[in-house]
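S.K.: okay, sequence plus prediction incoming.
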Amino acid sequence: MKFLIVTTAMLFAIGVRAGLPPLQNGDMTIGTERPAGWGNQWIASGKISVARDATIFHSAPASLRVASEEGKAHGQAQQNVDVKGGEIFHIEAWLKCQGVGQALFGVQSYDANWKGLEFVPVGNALAGLDWQRASADVAVPANAAHIGYICMIEGNCMAWFDDVAISEGGLGAPRTASSPQEKIEPPPKAPNAWTPAEGFWKDFPKAWRQTVQGQVDRAKKGGIDIVFIGDSLTQGWDKELWTSKFEPLRAVNFGIGGDGTPQVLWRIEHGILDGFDAKLVVMMIGINNTWPGYKAPATIKGIETCIAAIRAKQPKAKILLLGVLPIFDKDDSVRGMIREINDSIAKLDDGKTIRFLDFGGKFLQPDGSRRAELYKADRLHLSVAGYKVWAAEMEPLFKNMMETK
């Protein structure tokens, strides 16, 4: 058994300050196989590994790595500390995630018997983006005796956590420890499918904006030849396929789960296509327009407006517009809407700078039912086999558009 002896000098290095909850080893400097202090684990499903990573970090020399093993998992590493109920403090951390899933950093409070009281999500990071900053004020419930700093993953992914730090709270509006946590109202719904509007995830109210900012920051770095734009179907590209087929072509994945045409327009308007000259923009969008109730004609106009916005920002780029893929069951009303959308947007193909590709038929049986092996259990998102079909069907036209001037 290894023991860690903490000296007074080390307390300043690991982030403990008078009047604040203790925090050990927030910069992950101390430790060998694991960062000291971050050994507690909780697993809801699957299998995870927890380790100190000296090769990937936000700041040297190391980070905390939490990874799924043997497929999808939901679990966490955490550091538990004793607190006094009523304390208010500010906490921040840096997160990065790869694979298919997300990382989440938060603070869980417990009573003296370790019964969970309240979980405060501080921030999250979706797979494929660069380091994301998570930040929040935390008001410890009056009856709390312990809190846990939570480093969680969900999905088939690997995540890194670094530079966890606490400071005096009250950076936002003043409140007491017994008052409710900050409530962020969702942005107004877009009046139609062709007007830019923000996205919003109610469980992580700051995360959509943070995700977009990560994409904008990536765009500013340049070095991009191909941009994939879309929703969770685009975001969820199988990691190995993406790494082997698209990363060598200097491609970036700007898919965001839940986005419809208004959210894509908002992201384009706010900078995801600024700062570089792309050769090709690949877009699949529209299925999430059904949830707010947009009809096919409105969605068609929304997609047409997205094409115009891409053309305005990237006039030299070619555009590969992909048809909306079939989802759910063959008698579901959404299937008719998808066919109407695809039949209309196919007319945007000019044979030169804008090409349309609909390979949805490859995802169906002759009777119109889904090829179940190409989908996940929700009948919407794709399996690895589904992404292989997508890649194979897209490759000839994709390659031709990249090679021709």
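M.R.: Alright, I've got the coordinates.

S.K.: partner strands of the host helix or strand of L95 and their direction?
M.R.: Assigned by DSSP states H and E, L95 falls within strand 88-110. The pairing partners recorded for strand 88-110 under DSSP bridges are strand 116-126 (antiparallel), strand 132-139 (antiparallel), strand 146-168 (antiparallel).

S.K.: can you give me the buried ones in the first one?
M.R.: The neighbour-count criterion (16 or more other Cβ atoms under 10 Å) identifies L117, E118, V120, P121, V122, G123, N124, A125, L126 as the buried residues of strand 116-126. C-beta: built from backbone N, CA, C; applies to glycine.

S.K.: least confident of those?
M.R.: Across those, the smallest pLDDT goes to L126, namely 80.

S.K.: partner residues bridging the spatially closest residue to G101 that is not a sequence neighbour?
M.R.: What sits nearest to G101 in space, not counting adjacent residues and going by Cβ to Cβ, 6 or more residues apart in numbering, is G155, at 1.8 Å. Note on G155: beta-bridge partners by DSSP bridges are A73, G101.

S.K.: state the distance from G155 to A125.
M.R.: Separation of G155 from A125 (Cβ to Cβ, to the nearest Å) stands at 12 Å.

S.K.: what do the two both touch?
M.R.: Q102 (Cβ atoms under 8 Å, 6 or more residues apart in numbering).

S.K.: so the residue nearest to G101 sits right up against K72, yeah?
M.R.: Yes - with contact defined as Cβ atoms under 8 Å, G155 reaches K72; the gap is 5.7 Å.

S.K.: now do the shared contacts for the two.
M.R.: Common neighbours of G155 and K72, counting by Cβ under 8 Å, 6+ apart, are G101.

S.K.: show me which of the two is the more surrounded one.
M.R.: Legend: neighbour count by other Cβ atoms under 10 Å for G155 and K72, higher for G155 (21 against 16).

S.K.: what sits against the more buried one?
M.R.: So G155 contacts S68, K72, A73, H74, G99, V100, G101, Q102, A127 (Cβ under 8 Å, 6+ apart).

S.K.: excluding chain neighbours, what is closest to the second one?
M.R.: Counting by Cβ to Cβ, 6+ apart, the nearest residue to K72 once its immediate chain neighbours are dropped is N156, at 4.7 Å.

S.K.: ok, the residue nearest to G101 to L249 distance?
M.R.: Going from G155 to L249 by Cβ to Cβ gives 25 Å.

S.K.: try V384
M.R.: 20 Å.

S.K.: higher neighbour count, these two?
M.R.: Of the pair V384 and L249, V384 is the one with more neighbours under other Cβ under 10 Å, namely 16 against 13.

S.K.: distance of the more buried one from T261?
M.R.: 28 Å.

S.K.: can you give me the helices for this protein?
M.R.: Along the chain, the segments classed as helices by DSSP state H run 8-14, 207-221, 232-235, 239-245, 261-269, 296-313, 333-345, 384-403.

S.K.: which one of those lies nearest to L95?
M.R.: Closest to L95 of these is helix 207-221 (Cβ to Cβ; 9.7 Å).

S.K.: which neighbouring elements make contact with that closest one?
M.R.: If contacts are counted by 3 or more Cβ pairs under 8 Å, 6 or more residues apart in numbering; DSSP states H and E, helix 207-221 sits against strand 116-126, strand 132-139, strand 251-255, helix 261-269.

S.K.: how about a cut-off of 10 Å?
M.R.: strand 88-110, strand 116-126, strand 132-139, strand 226-230, strand 251-255, helix 261-269 (3 or more Cβ pairs under 10 Å, 6 or more residues apart in numbering; DSSP states H and E).

S.K.: alright, that wraps it up for me.
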